[in-house]
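Asks: Fold the following.
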Amino acid sequence: PAAAPAAPGVVVDDPAVAAAFGLVEAAVRLKATILIQGETGSGKELLARHAHAASGRRGPFVAVNCGALPDGLVEAELFGHVGGAYTGARREGSVGLIASADGGTLLLDEIGELPLAQQAALLRFLDDALVRPVGGTTSRRVDVQLLAATHVALDEAVAARRFRADLLYRLDTVRVELPPLRRRADFAAAVRSVLAALDGASRIDDAAIDWLARHEWPGNFRELRSLLTRALLRRGGGRLGLADVQPLLPPPAPAAASALQQEARDLVRRAFERSGNVSRTARELGISRTTVYRHLRAPLGR
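Replies: Modelled structure (predicted):
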């Protein structure tokens, strides 16, 4: 089947991003569980919504922030509860977030924040697709396309015993990694797309985009959206130039990398391009993941 087009305003001109979108399209045709990894604000939910659109499922898209579920009520929120199952429970009960996605797509966002005690219950659901509400005696079968997303290195969380290895194996059927904004080849198009979403009548100069490209963008698209909003408010709309964005960011570090530093960065980048995975790159080169990230974040030519 033909690839599903990305949602309007979503930029996929970067090869790694285009590959991620294509992979989720193939995965949902097989109803495979998908694990999306990427930094905060890098577009994980947008990719999950694209997977839902590509699946053709008629049910809803339900996104659950596992890190925001109330303490002590995680299982009841996910699996539902019968009326009066616990103190403070709704009298009429609740079907739960998982069952509410029946026939559609369920995104378990920030899966790395799910408490260990509830990970076993989620694993059971992944094995048999049955949901039994808290306080209930019967189960119902639920049909969902499941995606999980995280900015956490789950392999490291397993090693630290904060995440179940068997759950990771079950979630990791298809793993997709979204690059951070600072490493995207389509950075200029991404800036213009975000600006158009904020104010379709505004434009931005190339010099301003070149200045923005020097920034690390730890908050990725969320940070970019906030900065462009501030720039528009300062300017009052119209065309944004270098003078409009320059005061909103700290100046880039002036020191150039030595030839030895540049050689090391090139080595790490080549290894990462081959493996496509930070952990594998670190193991291949015998360095830490933190060192890999530092070299990948460094601007080209520095």
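
Asks: CA only for contacts and neighbour counts going forward, please
Replies: OK.

Asks: pLDDT (mean, whole number) over the helix or strand containing L260?
Replies: For L260, the element it lies in under DSSP states H and E is helix 259-275. Averaged over helix 259-275, pLDDT sits at 81.

Asks: Kindly tell me how buried A129 is, as a neighbour count.
Replies: A129 has 16 neighbours, counted by other C-alpha atoms under 10 Å.

Asks: quick one: contacts for it?
Replies: If you count contacts by C-alpha atoms under 8 Å, 6 or more residues apart in numbering, A129 has them with R141, V142, D143.

Asks: For the nearest residue in space to the first one that is not next to it in sequence, the count of nearby residues, please.
Replies: Setting aside the residues directly before and after it, R141 is nearest to L130 in space (C-alpha to C-alpha, 6 or more residues apart in numbering), at 4.5 Å. Residues near L130, counting by other C-alpha under 10 Å, number 17.

Asks: For L130, grab phi and psi.
Replies: phi -110, psi 140 (degrees, to the nearest 10).

Asks: ok, residues contacting stretch 16-24?
Replies: Against stretch 16-24 from outside (C-alpha under 8 Å, 6+ apart): A3, V12, I34, L47, H50, A51, V176, E177, L178, P179.

Asks: Kindly report the same for stretch 261-274.
Replies: Residues contacting stretch 261-274 (C-alpha under 8 Å, 6+ apart): V278, T281, E284, L285, V292, H295, L296, A298, G301, R302.

Asks: now, which of the contacts of A129 sits nearest R222?
Replies: D143 (32.2 Å; C-alpha to C-alpha).

Asks: separation between the closest one and Y293?
Replies: 38 Å (C-alpha to C-alpha, to the nearest Å).

Asks: do Q145 as well
Replies: Distance from Q145 to Y293, by C-alpha to C-alpha: 31 Å.

Asks: So which of the two has more stuff around it?
Replies: Between Q145 and Y293, counted using other C-alpha under 10 Å, the more crowded position is Q145 (26 against 14).

Asks: returning to what we had before: what residues of the helix holding L260 count as buried?
Replies: Q262, R265, D266, V268, R269, A271, F272 (16 or more other C-alpha atoms under 10 Å).

Asks: helix or strand right after that helix?
Replies: Taking DSSP H and E, what comes next after helix 259-275 is helix 278-285.

Asks: buried sites along the helix or strand that that following helix is followed by?
Replies: Note on helix 278-285: by DSSP H and E, the next helix or strand toward the C-terminus is helix 289-297. For helix 289-297, the buried set under the neighbour-count rule, 16+ other C-alpha under 10 Å, comprises V292, H295, L296, R297.

Asks: Looking at these, which has the smallest pLDDT value?
Replies: R297 (73).

Asks: Looks like it contacts R182 (just checking).
Replies: Yes. Counting by C-alpha atoms under 8 Å, R182 is a contact partner of R297 at 7.1 Å.
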